[in-house]
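K.L.:
take a look and give me a structure for this.
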Amino acid sequence: MIEPKTAPVVWWVDPLEESAPKGKKSLLLGYTGVAVIGTWDNEGYVAWAPLPKIPAHIKRRIGCKAAYEEFLKKLNEVLCDQLAEESVQEESINCFRGSPAAETVGSGVARGEELSADAAS
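P.N.:
From the prediction side, this is the model:
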């Protein structure tokens with residue numbers, strides 16, 4: 001099973017200990033426990049955190065369909081390899097490697113289910 005990872009460098013800041021930056025986008029934790037991106041307005045939020053930095057190689061995928069399509073192809077390969085390493089029989093993994101479906105945008109597999117460009121966004 002592929003285990004999700006947590007970000008060890010992200011933490012919530014208590015606004016009673018450190019004021020949120022005014023007029024600057026941040027991660028905001030609402031009193032219901034839902035996190036959003038926005039600017040602090042002193043109402044409805046219990047904590048804040050700075051936005052994570054986006055590495056240059058990931059920024060290139062934003063707003064560039066060709067780079068995003070290439071990313072989806074590589075992601076499909078990585079997911080198929082990870083599933084195969086987990087002792088899942090290759091024939092039970094519907095990877096589509098080498099098939100026409102592998103060339104379409106969004107084809108991929110996550111735990112045996114095909115990903116689409118709509119599902120990935």
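K.L.:
looks to me like Q82 is in a helix.
P.N.:
Yes: residue state for Q82 (DSSP: H, G, I helix; E, B strand; the rest coil) corresponds to a helix.
K.L.:
W48 and R60, how far apart?
P.N.:
From W48 across to R60, the span is 28 Å (C-beta to C-beta, to the nearest Å). For glycine as for every other residue, the C-beta is placed from the backbone atoms N, C-alpha and C.
K.L.:
these two: which is more packed in?
P.N.:
A count of neighbours by other C-beta atoms under 10 Å puts W48 above the other of W48 and R60, at 21 against 15.
K.L.:
mind checking the SS state of that one?
P.N.:
Here W48 is recorded as strand under three-state DSSP.
K.L.:
number of residues surrounding the residue lying closest to it once chain neighbours are set aside?
P.N.:
Nearest non-adjacent residue to W48, counting by C-beta to C-beta, 6 or more residues apart in numbering: A20, 4.2 Å away. By other C-beta under 10 Å, 19 other residues sit near A20.
K.L.:
and if you look at C80?
P.N.:
Counted with other C-beta under 10 Å, residues neighbouring C80 total 21.
K.L.:
all the strands of the chain, residue numbers only.
P.N.:
With strands called from DSSP state E, the chain shows them at 26-30, 35-38, 45-49, 109-110, 113-114.
K.L.:
quick one: low-confidence parts of the protein?
P.N.:
Along the chain, segments meeting pLDDT under 70 span 1-9, 87-121.
K.L.:
break this protein into its domains for me.
P.N.:
With domains defined by automatic domain parsing, the chain comprises 1-53, 56-120.
K.L.:
kindly check the end-to-end length of stretch 32-40 for me.
P.N.:
Using C-alpha to C-alpha, to the nearest Å, one end of stretch 32-40 lies 16 Å from the other.
K.L.:
done for today, thanks.
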